[in-house]
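1. what's the 3D shape of this:
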Amino acid sequence: MSTHEPPTDRDGSPAPTGADSPPRSAAVSASGAAGALGTATVAVPAPSPDSDAGGPAGPEGDRSAEGEAGAAASADDDHGGGRRWSRDLLWIAAVCVVVLLLVNAFVVRPFAVPSGSMEGTLQPGDRVLVNQLAYAFGGHPQRGDVVVFDGIGSFLPYQDEPSGLKRLLTGAGLAPAGDTVYVKRVIGIGGDRITCCGTDGRLKVNGVPLDESAYLLPGDAPSAVPFDIVVPDGKLWMMGDHRSASRDSRDHLGEPGGGAVPEDKVIGRADWVMFPLGRAASLDRPAAFAAIEGTGGHGGQR
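-> The predicted structure is shown next:
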């Protein structure tokens with residue numbers, strides 16, 4: 001007669017079957033008296049996949065949290081870096097503006113030629129760069145220089161001086177120079193005697209005939225107005241290169257100052273034509289004026 005009993009495990013107890021069977025078991029041998037009776041089976045459950053004991057969900061969850069935190073920190077860094085970059089740009093722009101104003105006020109300044117009184121050296125609309133350091137540190141304008149100057153008190157003898165604020169803004173390039181600024185060529189300096197015109201039709205400076213062919217507009221005479229003047233110390237005799245179209249020192253002979261321009265009214269020496277590009281050139285002192293060197297002026301012997 002057969003008995004239908006479930007198979008037993010090694011300790012004689014029924015073997016677990018079906019869904020109640022643990023996934024894994026560990027057999028541990030008992031010691032002493034218990035060991036004589038056989039071995040005891042202790043079931044140790046396997047770690048759950050979702051447990052914190054090293055299953056896949058734990059580390060992946062940590063890595064995910066760390067990634068989110070890192071992304072947030074990176075975003076904060078990006079925003080902070082963008083703000084720093086914006087501040088740097090503002091500082092750079094401010095420094096550039098300050099440097100430009102300083103250069104414009106004290107070093108080099110652009111001016112537009114308003115008329116044809118300096119043709120053919122300068123054309124209306126030319127932009128010239130004026131070197132404001134040319135006569136700094138004890139220097140003086142020289143015969144033959146093309147200079148930009150303020151005509152108040154000389155070419156405009158009855159014009160009032162502008163206010164201090166306007167002078168400051170104009171000097172810094174923040175206000176237009178207006179119609180009191182002129183560009184002319186220095187013909188005589190303080191102490192020079194200038195006469196026009198001799199039998200040869202030339203100007204004479206301290207008795208020396210001046211060859212003006214290098215800059216005088218072709219077809220123009222040195223002057224249609226005769227004069228004989230001595231330039232006061234500290235002043236300059238100015239004339240345009242297009243003599244028949246230039247209102248210059250000759251036109252103010254009977255006015256206060258006699259048409260001579262104080263040296264301290266000179267803004268600077270026009271050294272370069274910078275625009276239009278096709279006319280870009282340096283404005284060098286003509287060689288003809290070398291013949292007058294040492295004949296007088298600025299305390300020199302006549």
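
2. can we go C-alpha only for contacts and neighbour counts from here?
-> OK.

3. Flag every buried residue along stretch 191-204.
-> 191-197, 202-204 (16 or more other Cα atoms under 10 Å).

4. Narrow the residues you listed to those in strands?
-> 193-196, 204 (DSSP state E).

5. Next, Lys265: phi, psi?
-> For Lys265, the backbone dihedrals are phi -90, psi 0 (criterion: degrees, to the nearest 10).

6. residue contacts, Val148?
-> Each residue near Val148 by Cα atoms under 8 Å, 6 or more residues apart in numbering is listed here: 130, 181-184, 266-270.

7. Could you tell me how far the closest residue to Val208 other than its chain neighbours is located from Asp192?
-> Spatially, and ignoring its direct neighbours in sequence, Val208 is nearest to Ile292 (6.6 Å; Cα to Cα, 6 or more residues apart in numbering). Per Cα to Cα, to the nearest Å, Ile292 is found 10 Å from Asp192.

8. joint contacts of the two?
-> Common contacts of Ile292 and Asp192 (Cα under 8 Å, 6+ apart): 205-206.

9. Can you pull the poorly scored residue ranges out of the stretch 51-200 of the chain?
-> 51-80, 100-106, 163-177 (pLDDT under 70).

10. can you pull out the strands in it?
-> 108-112, 127-131, 146-150, 181-189, 193-196 (DSSP state E, counting those that start in this stretch).

11. TSV for these, including distance to Met239?
-> Formatted as TSV, the strands of the stretch 51-200 of the chain follow (distance: least, Cα to Cα, whole Å):
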stretch	distance to Met239
strand 108-112	18
strand 127-131	18
strand 146-150	10
strand 181-189	5
strand 193-196	12
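
12. closest one to Pro218 among those?
-> Set against Pro218 and scored by Cα to Cα, the strands of the stretch 51-200 of the chain come closest in strand 181-189, at 16.4 Å.

13. Give the buried residues for that closest one.
-> Neighbour counts over strand 181-189 (16+ other Cα under 10 Å) mark 181-189 as buried.

14. If anything else comes up later, I'll come back, but that's it for now.
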